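1. fold the stuff below for me.
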Amino acid sequence: MVKAKVYIFEKQFDGFPKSGDLKIIEEELPPIKDGEFLAEAVYLSVDPYMRARAQFLKLGEPFIGFQIAKICESKNPEFPCGKHVLGFFGWRTHTISNGIHPEKDRKSTLIPDELNDLPLSLSLGVLGRPGNSAYFGFLEICKPKEGETVVVSGASGAVGSIVGQIAKIKGCKVIGIAGSDEKCKWITNELGFDHAINYKTEDVDAVLRKLSPEGIDCYFDNVGGEISSTVIHHLKKFGRVSICGAISGYNETSKVKSIYRPIISNELTLEGFLVARWVDRWDEGIKQNLKWIKEGKLKYRETITEGFENMFTAFTDMLSGKNFGKAVVKV
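-> Just a heads-up that it's a prediction; the model follows:
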């Protein structure tokens, strides 16, 4: 019998997640049946959406998330032994699956061979959901034009760091907003952003007025809150906003200006999205991002935490903004 270690959602989060909210248990897995396969986790993802969706999860169940796992045993010809699979298996070391999921964007898929010598973990980041969130969420909603000004919040994260680079590929002026001088240097010196704003030490409103006195055309929003309210006041007429996330829900709101005046007076387009909207075009985003990587136009960075027992620490570190690029746990 194979024993799996599993993080169980023990207690609903009250504010910032606490260590007692999840607990690790062991469970014995039964023999696999026809059509099933057994997979052992290699890399697991930690993402902001996990915190947002926790309120809808049932207590006592495994905590949610994608992982890359190696197929150890199989009675399913579509998932042969020795291959690696991307699956929505949750926070667990071993999983029995048939590869099927009721939501199309969560069904199991084999890691494509064309990754070649690139890290497997990229299928959780730039060559996975975050990369496709950047690709589709920016290009399909913001519809950037050459010469336009684009602002990206959460610019050093898994999605924002890719959005800014795609905007540069499309010939835009890019301003990134991040939470430390080190992150600001990374997105400008390494990723090619034109400017960076440290929202913790600089006045975002004043700096935007200086960097883009005529206003901005597109805003890719990963954080929400006060930062987004400030940025929206700088959008030009017919500006576009792609809303990917709102990780800064804990921000103070007492000083936030109403966003409705600029939305109405400048006839803005704001659109939220779930990347599953483009599941039927999934390979398009992955192949294009891979092509840009191989051409040297798209760079990536991962913050890798070692050890399954450190999943929760990696999760809270990510929520605290300690990661550069994609946060991943290596088992």
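
2. how many other residues sit next to residue 59?
-> Using other CB atoms under 10 Å, residue 59 has 10 neighbouring residues. In this view, the C-beta of every residue, glycine as well, is placed from N, C-alpha and C.

3. which non-adjacent residue is nearest it?
-> Nearest residue to residue 59, sequence neighbours excluded (CB to CB, 6 or more residues apart in numbering): residue 9, at 5.7 Å.

4. surely the one you found is in contact with residue 21?
-> Yes - with contact defined as CB atoms under 8 Å, residue 9 reaches residue 21; the gap is 7.4 Å.

5. hmm, back to that, quick one: residues contacting the residue nearest to residue 59.
-> 21, 22, 54, 57, 58, 59, 60, 61, 62, 63 (CB atoms under 8 Å, 6 or more residues apart in numbering).

6. check residue 115 too.
-> 122, 123, 127, 290.

7. please report how far the residue nearest to residue 105 when sequence neighbours are not counted lies from residue 177.
-> Once flanking residues are discounted, residue 105 sits nearest to residue 276: 4.0 Å by CB to CB, 6+ apart. Look at residue 276 and residue 177: by CB to CB, to the nearest Å, they are 26 Å apart.

8. the more surrounded of these two?
-> residue 177 (31 against 14).

9. any idea which helix or strand carries that one?
-> strand 173-178 (DSSP states H and E).

10. check which helices and strands whichever helix or strand comes after that strand sits against.
-> Where DSSP H and E defines the elements, the next helix or strand beyond strand 173-178 is helix 181-185. Helix 181-185 sits against strand 195-198, with contacts defined as 3 or more CB pairs under 8 Å, 6 or more residues apart in numbering; DSSP states H and E.

11. which pair in the contacts of residue 115 spans the largest distance?
-> Spanning the widest gap among the contacts of residue 115 are 123 and 290, at 10.4 Å by CB to CB.

12. between these two, which one's more packed in?
-> Neighbour tally, residue 123 and residue 290, criterion other CB under 10 Å: the higher count belongs to residue 123, 26 against 21.

13. that one reaches residue 111, doesn't it?
-> Yes - using CB under 8 Å, residue 123 is in contact with residue 111, at 5.4 Å.

14. so what's the gap between the longest helix along the chain and the chain middle?
-> The longest helix of the chain (DSSP state H) is helix 282-294. Here helix 282-294 is found 16 Å from its chain centre; the criterion is CA atoms, centre = their mean, to the nearest Å.

15. let me see the mean pLDDT of it.
-> Mean per-residue pLDDT for helix 282-294: 96.

16. now swap in stretch 302-309 and tell me
-> Stretch 302-309 comes out at a mean pLDDT of 98.

17. show me what the strand holding residue 177 is packed up against.
-> strand 149-153, helix 160-169, strand 195-198, helix 204-211.

18. domains of this structure?
-> Listed domain ranges for the chain are 2-120+301-330, 129-275 (source: automatic domain parsing).
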